[in-house]
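*Asks:* Sequence plus the predicted model coming up.
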Amino acid sequence: MDLRPYRDDDAAATLDVFRRAIRVLASHDYTAEQVVAWASPDIDPTGWAARRSASRTQVAEVAGRVVGFTDVDDTGYVDMLFVDPDVARRGVASALLRWVRATAEELGLRELTTNASLTARPVFEAHGFTVVAEQHPVLGGVELTNFRMRCVLEPAAGPSSDATPGRPRPCHPNGEGG
């Protein structure tokens with residue numbers, strides 16, 4: 001698997017991953033009505049492409065095929081983390097979240113935040129995010145459940161730290177090591 005920056009010609013593939021992840025993976029946690037509202041066929045491909053291009057988006061590829069993507073903005077907000085169902089639970093989301101943490105470190109950010117779905121919550125928790133609040137956004141007139149999550153980045157490593165150079169530091173829910 002390779003990670004690389006999003007390109008304009010990735011729009012259709014990332015939109016497909018987004019929709020398939022919701023329709024296949026999230027359908028275990030959300031009703032059919034919620035899935036349709038979330039993965040709406042009415043998503044404007046041009047608007048999608050513009051959002052991805054304007055974001056700091058990273059794409060995961062296997063054999064030249066887009067199998068996942070994520071993004072992180074200048075405040076540390078992770079808007080999207082989606083993986084193709086064909087490669088789910090094979091480390092793609094973890095690799096993308098490691099990229100998010102490394103990028104946040106390069107930007108000098110102190111925390112990461114996201115609004116995680118029921119489906120994505122365990123992945124984010126495995127990477128040190130904790131739930132701040134349960135939320136109930138409405139999409140297309142349909143209420144969904146998601147979670148405002150936060151991950152405090154460990155302070156910069158000092159001379160006595162056992163942090164490995166060149167690797168992102170782990171997130172800690174309370175901002176403390178360990």
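*Replies:* Ah, there it is.

*Asks:* can you map out the strands along this structure?
*Replies:* Assigned by DSSP state E, the strands in the chain fall at 2-5, 57-62, 65-71, 77-78, 81-83, 111-117, 130-135, 138-139, 142-143, 146-153, 171-172.

*Asks:* nearest to Ala13, of those?
*Replies:* Ala13 lies closest, by Cβ to Cβ, to one member of the strands of the chain: strand 65-71, at 3.8 Å. (Each C-beta comes from the backbone N, C-alpha and C, glycine too.)

*Asks:* Which positions within that closest one qualify as buried?
*Replies:* By neighbour count on 16 or more other Cβ atoms under 10 Å, the buried set for strand 65-71 is Val66, Val67, Gly68, Phe69, Thr70, Asp71.

*Asks:* ditto for stretch 15-24
*Replies:* Using 16+ other Cβ under 10 Å as the test for burial, stretch 15-24 gives Leu15, Val17, Phe18, Arg19, Arg20, Ala21, Ile22.

*Asks:* Out of the residues you listed, which comes closest to Leu81?
*Replies:* The shortest gap between Leu81 and any of the buried residues of stretch 15-24 belongs to Ala21, at 9.2 Å (Cβ to Cβ).

*Asks:* How about stretch 57-66, which residues are buried there?
*Replies:* By 16+ other Cβ under 10 Å, the buried positions in stretch 57-66 come out as Thr57, Gln58, Val59, Ala60, Glu61, Val66.

*Asks:* what two of those residues have the greatest distance between them?
*Replies:* Farthest apart among the buried residues of stretch 57-66 by Cβ to Cβ are Thr57 and Glu61. That separation is 13.0 Å.

*Asks:* one step back: deepest-packed of the strands of the chain, please.
*Replies:* Counting by mean count of other Cβ atoms under 10 Å, strand 81-83 has the highest mean neighbour count of the strands of the chain, with a mean of 25.
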